[in-house]
Each structure stands twice: as C-alpha cells, then as structure tokens.
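>>> I would like to see how this sequence folds:
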Amino acid sequence: MNIARYLDSTYLKTPAQSGLSEEEILQKDIDLAQEAIDHAIFAVMIRPDYVSEIKKYILKKKSDVQVGTVIGFHEGSYSIDEKYSEAAKAIADGADELDFVINYNAFLQGNLKLVEKEFIQCTQLCITHHKTAKWIIEIAALTDSQIADLTRQISLWAETNFSENDLSQIFVKSSTGFYETKDGKSNGATFEGIKIMLENAGKLPVKAAGGVKTFEDAEKMIKLGVARIGTSSALDLIKHESSSEGY
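Residues are numbered from 1 along each chain as shown. A predicted model of the protein is given here:
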C-alpha cells in the first residue's frame, strides 16, 4: 500500500516547546515541505506563523503538496471570533487545510450551542474559500460515549448546514498530540477511538492524528477507513521504519 497520499507530515512545536529559534523552525518546516515534495506526501501541517513562507516555497517548486495549519491550538478554548480571525489570516496566507481544535470543554460543560456556532461559522469560512476544515475533538479528553456523541453532533451539523458536495472537505480528527494524559494513556489516535469516530461520523471523513508509529499501524488505520493520518514521522512510516517521535 502507498500510504504517502494519506499523510499529513506534521511539525507543530513552538520555539518555547522546541528550544529552537523562529528561524530554525522555519528551516525545519522548509525541510518538511521538501521531504513531502520528494516523497509525494499529501500535506504538511505547520503553525500559522509559517504558512505564508511555506506556501511560497511549495509554489516555487511547482508542487501540489497541500499546506495545512492549526487553529485554536491546542486547547480549543479560544473564542469563536479568535478562531475565525486566525483562520481568515491563515487562508489569506495560503493555507489549504485548517485543523480547528473544537471547544471540547464547552461540549463537556453542555454548551452545545457555542460548539455548534463555532463549527458552522468557521466551517463556512473554509467552504466559501474552497478550503478543507478538520475538527479536532481531542479523544484523550473524552470517554468512549463522549467521543461518539461529539462525532455524531459534528456529522449532524455538517449534513444540516452544508451541501452533499461539501462534506468530503469537512473532517473529524482525533487529537492534537499536546493533551497531557495520566498513567501512560495515549494522547493520540487509538484503534478503539478511531473505530468509534468512524461509526459515528456519517458522511464525514476521519483523520487519525498522533500515535501512528509504524507502517503497519498506518496501513491498519487506512483499512479501518480513515482518510488521512497526521504524523511527525511521515518518512519513517513510508520507509517501514518505527517512529521514535511523540506524534
């Protein structure tokens, strides 16, 4: 199986988290983009601050590698206006795909109206500009029943507010990779969690992010039905090498 076209090759650490300067992170993102070009990886997933430069680099190389970025990252508790503004700037900078962290804390508190409103407004922004919107539900913060419920709600909101043709551009995604868990619990995609998402996503595609460490894991995720995989070790997976990275 050729898994490269399923992969979002990811680097999302800030200078503070990585111990690198902004210039060094930009160079890492350039290297990531070149790796994606060389190996036909579908997309690179980077922080918003670097989208403009990486988009220019990819266009200069005459490549179709997509540029993705994260919105409301990583807590998801940003206001709707903040997420919308961040997304609008990312689109203006050239982002093709926007991975929003849904306000799962509002969901857990029972404030479905807020979560629905941010989903509709921000997804509409993406669809209007012919961009892909992916909604990260942070499954490590949820129980199995909550994973099912939130995935089902997103599917319902999508099918109610957007056309059939738009649904392939609206994803449900598992994880940020930055959520802190206890007792060694995975903070990324698990086969169990992804199965629940797939069973409740309706017509929406599912992205498994984090925790996919080997080619065999990636292949299994694809066979389960995921449309995309987010990983900080895309090249390792393509080469059938085990990943030592955290995401």
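
>>> so how far is the worst-scoring helix or strand of the chain on mean pLDDT off the chain centroid?
Counting by mean pLDDT, DSSP states H and E, the chain has its least confident helix or strand at helix 15-18, which shows a mean of 93. From the chain centre to the centre of helix 15-18 is a distance of 20 Å (C-alpha atoms, centre = their mean, to the nearest Å).

>>> show me what it packs onto, helices and strands only.
Helices and strands touching helix 15-18, by 3 or more C-beta pairs under 8 Å, 6 or more residues apart in numbering; DSSP states H and E, are helix 22-39. All C-beta spots, glycine's among them, are computed from the backbone N, C-alpha and C.

>>> give me the most central residue, this structure.
Asp99 (4.5 Å; C-alpha atoms, centre = their mean).

>>> quickly note the distance from that residue to Leu125.
Look at Asp99 and Leu125: by C-beta to C-beta, to the nearest Å, they are 14 Å apart.

>>> same question for Ala43.
19 Å.

>>> and if you look at Asp93?
In terms of C-beta to C-beta, Asp93 sits 14 Å off from Leu125.

>>> Gln17 now?
Note on Gln17: its distance to Leu125, by C-beta to C-beta, is 28 Å.

>>> ok, Ile196 next?
Ile196 is 28 Å from Leu125, where distance means C-beta to C-beta.

>>> my read: Gln215 touches Ile3, true?
Heads up, residue 215 is Phe, not Gln. Yes: counting by C-beta atoms under 8 Å, Phe215 touches Ile3, with 6.9 Å between them.

>>> between these two, which contacts overlap?
Leu237, Ile238 (C-beta atoms under 8 Å, 6 or more residues apart in numbering).

>>> give me the below-cutoff pLDDT ranges for the protein.
Across the chain, the ranges flagged by pLDDT under 70 are 243-246.

>>> so where do the strands sit in it?
7-11, 43-46, 66-71, 97-101, 132-136, 170-173, 206-209, 228-231 (DSSP state E).

>>> export those as a markdown table, with columns for distance to Ile25.
Formatted as a markdown table, the strands of the chain follow (distance: least, C-beta to C-beta, whole Å):
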| stretch | distance to Ile25 |
| --- | --- |
| strand 7-11 | 8 |
| strand 43-46 | 9 |
| strand 66-71 | 13 |
| strand 97-101 | 18 |
| strand 132-136 | 21 |
| strand 170-173 | 22 |
| strand 206-209 | 20 |
| strand 228-231 | 18 |
